[in-house]
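# My questions are about this predicted structure, shown below with the sequence.
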Amino acid sequence: MATYLMCKPSFFDVTYTINPWMDPGLGADTAKAVRQWEALRDAYLGLGHEVRLIDPAPGLPDMVFAANGATVVDGRVYGARFLHPERAAEGPLYEEWFRANGYPEVLTAKETNEGEGDFLTLDEVILAGTGFRTSEAAHREAEAFLGRPVVTLRLVDPRFYHLDTALFPLGGDNVCYYPAAFAPESLGVLREMFPKAVEATEDDALAFGLNSVCAGDTVVLTAAATTLAKALEGRGYKVVPVELTELHKAGGGPKCCTLELRA
Ligand code: ARG
């Protein structure tokens, strides 16, 4: 079973635009976001996972996206350093949580990186996105600190601005991804490394179907990604659908709300 860190969207809203999904003119329904987030948390608890919580902070409407708060591998915490000033204050708050909760090895990053939004950990390697948020220099910084090879993947479609909007690990040695989100050379790397990968359609990707959380043979998947749900079931996975339509308005889905604490 996994341990996840989550942040209740008590102050969630869409008040600025830092990705193509966000429209401050439309805003968001905070109460509905909280209900949908609670259903996601309950889904994890129902599957037997542990959920830990960090307090949300007023004025940080995107803090619900805990995946961006850090990258944790073997108990080591590589801190986030956000690209946009609107989210910059989240980095130190997450770091503070780790220091207060008994993590002795916490690195304050020198390089721009948005945590597990762009770093996805497999058994032997860490896949790392760049192109929109996390810098390649951060890939090297993470590799040196976390002690696992980091493979750089270049994202090319602004709608899929974090790696976790375009790809999710299926266990420790396989992945599911949307091919058109990647530059040709990165797609070549993925095809070579993962000949058994599940490839998703554009509709699944737009529904945030790649922003999923797999543990064992179970995938927590946004309900709107219906084609992908069938493809995964065809491969023997159990799919747990969740509705996160309100958080989608900020460009987020289930994985964005979930930071895995790897002991
Ligand atoms: N509005 C947030 C941003 O653009 C959404 C972050 C989603 N998180 C993620 N892990 N993809 O930064």
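In hand now; what should we look at? Numbers count the residues shown, from 1 in each chain.
# For the residue in the stretch 151-263 of the chain positioned nearest to the ligand, which three-state class applies?
Nearest residue of the stretch 151-263 of the chain to the ligand (C-beta to the nearest ligand atom) works out as Cys256 at 3.2 Å. In this view, the C-beta of every residue, glycine as well, is placed from N, C-alpha and C. Cys256 falls in the helix class when you classify it by DSSP: H, G, I helix; E, B strand; the rest coil.
# ok, now which ones touch it?
Contact analysis of Cys256 by C-beta atoms under 8 Å, 6 or more residues apart in numbering lists Val64, Phe65, Ala66, Ala67, Asn68, Gly117, His162, Asp164, Thr165, Asn211, Leu247.
# Which residue is the nearest non-sequential neighbour of it?
Distance criterion C-beta to C-beta, 6 or more residues apart in numbering; nearest residue to Cys256, sequence neighbours excluded, is Phe65 at 4.2 Å.
# And for that neighbour, the neighbour number?
Phe65: 30 surrounding residues under other C-beta atoms under 10 Å.
# quick one: it and Leu259 touch, right?
No - if you go by C-beta atoms under 8 Å, Phe65 and Leu259 don't touch, sitting 9.1 Å apart.
# In the stretch 1-150 of the chain, what residue comes closest to the ligand?
Proximity of the stretch 1-150 of the chain to the ligand (C-beta to the nearest ligand atom) peaks at Gly117, 3.4 Å away.
# List the contacts of that residue.
Residues near Gly117 by C-beta under 8 Å, 6+ apart: Phe65, Ala67, Asn68, Gly129, Arg133, Thr134, His162, Leu163, Asp164, Cys256.
# which bits of the stretch 101-250 of the chain sit near the ligand?
Proximity of the stretch 101-250 of the chain to the ligand, by C-beta under 6 Å from any ligand atom, involves residues Gly117, His162, Asp164, Thr165, Ala250.
# and the two most separated of these?
The distance between the two most remote of these (C-beta to C-beta) is 14.0 Å, for Asp164 and Ala250.
# The two - which one has more neighbours?
Neighbours per residue, other C-beta under 10 Å: of Asp164 and Ala250, the larger number sits with Asp164, 31 against 26.
# could you list every residue that touches the residue lying closest to the more buried one once chain neighbours are set aside?
Closest residue to Asp164 apart from its sequence neighbours, by C-beta to C-beta, 6+ apart: Lys255 at 4.9 Å. Taking C-beta under 8 Å, 6+ apart, we find Lys255 in contact with Ala67, Glu116, Asp164, Phe168, Asn211, Ser212, Val213.
# for the record, mean pLDDT for stretch 23-32?
Taken as a whole, stretch 23-32 carries a mean pLDDT of 97.
# Can you tell me what sits against that stretch?
So stretch 23-32 is contacted by Pro9, Ser10, Phe11, Phe12, Asp13, Val14, Thr15, Tyr16, Thr17, Glu246, Lys249, Ala250 (C-beta under 8 Å, 6+ apart).
# State whether the third one and Asp55 are indeed in contact, as I suppose.
No - using C-beta under 8 Å, Phe11 is not in contact with Asp55; the gap is 10.4 Å.
# Between these two, which is the more surrounded one?
Taking neighbours as other C-beta under 10 Å, Phe11 and Asp55 compare with Phe11 leading, 17 against 10.
# Phi and psi next, for that one.
For Phe11, the backbone dihedrals (degrees, to the nearest 10) come out as phi -110, psi 20.
# Please apply the same query to Val77.
Backbone torsions for Val77, taken as degrees, to the nearest 10, come to phi -110, psi 110.
# in what helix or strand does the closest residue to Val240 other than its chain neighbours lie?
Excluding its sequence neighbours, the residue lying closest to Val240 (C-beta to C-beta, 6+ apart) is Val220, at 4.8 Å. According to DSSP states H and E, Val220 maps onto strand 218-222.
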